[in-house]
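Asker: Give me coordinates for this.
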Amino acid sequence: MGQTKIDPLSVEKLGENLAIFAINRDDLKMLLKSIPESDQNHITNIEYELQILKIISVGWGIAFYMAEGKNKEKLTLVFWGHIQEIAKNISNLTQTSVGHKIDYFNILRNRLDDYLKVMQNQSEKIKDPTHIIGPAFADICYCNDNAAVILVGTKMLTLTLGAVKEYLNAVEII
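Answerer: Got it, this is the predicted structure:
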């Protein structure tokens, strides 16, 4: 997110900014360019799942890096409220295109549950979540054990968490 100085922001504006970052596709496009030609038949699924992983990773970043307190709770609610509104719009647009009801927010919730389940199952053996999420991401994309897809999932998580941490450290909540 590239912040260098502390800017005063309300919790509402901070949550809105993080939601906008979560759906921004610039880093997603960059990561997709690293997928080899041999895996291009999975590119649509990888792209779709990368967006979901980014949104979830921003939520995790808030949970991991925001100081405990009322602002953290409020920021979490504001962020997920914005994501829910965005998801509603995506659902409505998709329904118009495909002709049946889609609940994108429920898809996000289910995918979050999927990742949490994998982390819980592997937390005894592996302590670093980046070593868990990359392979889980590849499995979700039907690219099991694909090193390039594992790396893309791992990078999305790492880059997003780093950006959220940097941004939270660069703002002052008013």
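
Asker: mind checking how far the nearest residue to residue 47 once chain neighbours are set aside is from residue 64?
Answerer: Nearest non-adjacent residue to residue 47, counting by C-beta to C-beta, 6 or more residues apart in numbering: residue 32, 5.9 Å away. Using the backbone N, CA and C atoms, a C-beta is placed for each residue, glycine as well. Separation of residue 32 from residue 64 (C-beta to C-beta, to the nearest Å) stands at 26 Å.

Asker: next one: stretch 126-140 to chain centre, how far?
Answerer: 14 Å (C-alpha atoms, centre = their mean, to the nearest Å).

Asker: quick one, what contacts residue 136?
Answerer: Applying C-beta atoms under 8 Å, 6 or more residues apart in numbering to residue 136 gives the contacts 114, 115, 118, 119, 153.

Asker: just residue 90 next, same as before
Answerer: 102, 104.

Asker: buried set for the helix or strand hosting it?
Answerer: According to DSSP states H and E, residue 90 maps onto helix 70-98. Buried positions in helix 70-98, judged by neighbour count with 16 or more other C-beta atoms under 10 Å: 72, 74-76, 78-80, 82-83, 86-87, 90-91.

Asker: Could you do stretch 108-116 as well?
Answerer: 108, 111, 112, 115.

Asker: That stretch: how far from the chain's middle?
Answerer: For stretch 108-116, the distance to the chain centre is 11 Å (C-alpha atoms, centre = their mean).

Asker: contacting residues for the most centrally placed residue in the chain?
Answerer: Geometric centre of the chain, nearest residue: residue 54, 2.0 Å, by C-alpha atoms, centre = their mean. The neighbours of residue 54, taking C-beta under 8 Å, 6+ apart as the test, are 22, 23, 27, 28, 156, 160.

Asker: rerun that using 6 Å as the cut-off
Answerer: 22, 156, 160 (C-beta atoms under 6 Å, 6 or more residues apart in numbering).

Asker: Show me what the mean pLDDT comes to for stretch 10-30.
Answerer: When pLDDT is averaged over stretch 10-30, the result is 94.

Asker: For that stretch, buried residues please.
Answerer: Buried, per 16+ other C-beta under 10 Å, within stretch 10-30: 11, 14, 15, 16, 17, 18, 19, 21, 22, 23, 27, 28.

Asker: most remote residue from the chain's center?
Answerer: Max radial position in the chain (C-alpha atoms, centre = their mean) goes to residue 99, at 27.0 Å.

Asker: need the contact list for that one.
Answerer: Contacts of residue 99 (C-beta under 6 Å, 6+ apart): none.

Asker: before we move on, the earlier item: of all the contacts of residue 136, the one with the weakest confidence?
Answerer: Ranking these by pLDDT, residue 119 lands last with 88.

Asker: Surely that one touches residue 131?
Answerer: No - with contact defined as C-beta atoms under 6 Å, residue 119 does not reach residue 131; the gap is 10.3 Å.

Asker: Thank you kindly, that will do.
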